[in-house]
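Trainee: Starting from these lines, generate the structure:
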Amino acid sequence: MHRLQSLRCYLAGPIDNAPDDGVGWRLALYPLLQELGCTILDPCDKPIKEAKYREIDDEKQAMMALKSNGRFLELAQRMKPIVHYDLRMVDISDLVIAYLHPEVPVFGTVHEIVNSLNQRKPTLVVVEGGKENAPNWLFGIMDYHFIFDSFEKLSLYLRQLDDGTIAGDLSRWVFFDSDLYDSPDEEE
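Mentor: Coordinates of the predicted model:
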């Protein structure tokens, strides 16, 4: 059925306080999302050529140095376009997958989750240690069925959603059958 084919998926999760800059879990999801035919929107590997919009590796270290040296204006000037690009990727995504680790502080991730929920996008959250470790507030702003105990359970859900084994919650999921529509460029 391939219902997730061509959907754009944004990957939200900790970067500032993540020991690996948040790269590991994202890269681990790539094979599944590619197999499902999703376009991946990854803030750790932005689809932008300009290095100044990166927020990992040397750029992250440079921004942390600005903060520790009290150079807040420069930090703000560097972060504003990063926030803009990341939130724009949330805007153009069809679904958002977020990762929360109770011991890793986040701020941008919460902003991205809230924006996604406000846009009524499917927002799927994996919580390290399971639902019982999720912030209570999360249960008040989203359907707890979209909070997953592990990436394995998320993967099973996505596969079953993709092949039609389970139906998507119509309050969030919208699947278009592209075969029903002719391209405006096609001649009849």
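
Trainee: which parts of the helix or strand bottoming out on mean pLDDT in the chain are buried?
Mentor: Scoring the helices and strands of the chain by mean pLDDT, DSSP states H and E places helix 57-68 at the bottom, with a mean of 88. Neighbour-count burial for helix 57-68, with 16 or more other CB atoms under 10 Å as criterion, is recorded at 59-60, 63, 66. For the C-beta atoms, the positions are set from N, CA and C on the backbone; glycine is no exception.

Trainee: do the same with stretch 105-120
Mentor: For stretch 105-120, burial by neighbour count (16+ other CB under 10 Å) applies to 106, 108-110, 112-113, 115-117.

Trainee: Output those as CSV; include the columns pLDDT.
Mentor: CSV is the format used below for the buried residues of stretch 105-120 (pLDDT from 0 to 100):
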residue, pLDDT
106, 94
108, 94
109, 97
110, 96
112, 98
113, 98
115, 98
116, 98
117, 97
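
Trainee: List just the nearest of those residues to residue 93.
Mentor: Of all those, residue 93 sits closest to residue 116, with 7.4 Å by CB to CB.

Trainee: On the three-state scheme, the closest one is what?
Mentor: Here residue 116 takes the helix state, with states given by DSSP: H, G, I helix; E, B strand; the rest coil.

Trainee: which intervals of this protein have sub-threshold pLDDT?
Mentor: Low-confidence regions of the chain, defined by pLDDT under 70, span residues 50-53, 178-188.

Trainee: packing partners for the least confident helix or strand of the chain?
Mentor: If you count contacts as 3 or more CB pairs under 8 Å, 6 or more residues apart in numbering; DSSP states H and E, helix 57-68 packs onto helix 72-92.

Trainee: after the helix it packs on, next one along is what?
Mentor: Beyond helix 72-92 on the C-terminal side, the first helix or strand identified by DSSP states H and E is strand 95-100.

Trainee: Now do that next one: everything it contacts.
Mentor: Contact with strand 95-100 is made by 7-14, 22, 25, 29, 90, 106, 109, 112-113, 116, 121-128, 134-135, 138, 154, as judged by CB atoms under 8 Å, 6 or more residues apart in numbering.

Trainee: Out of these, name the ones that lie in helices.
Mentor: Counting by DSSP state H, the part of the contacts of strand 95-100 found in helices is 25, 29, 90, 109, 112-113, 116, 138, 154.

Trainee: picking that back up, can the buried residues of helix 57-68 go into a markdown table with extra columns for distance to residue 46?
Mentor: Putting those into a markdown table (distance: CB to CB, whole Å) gives the following:
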| residue | distance to residue 46 |
| --- | --- |
| 59 | 11 |
| 60 | 13 |
| 63 | 15 |
| 66 | 20 |
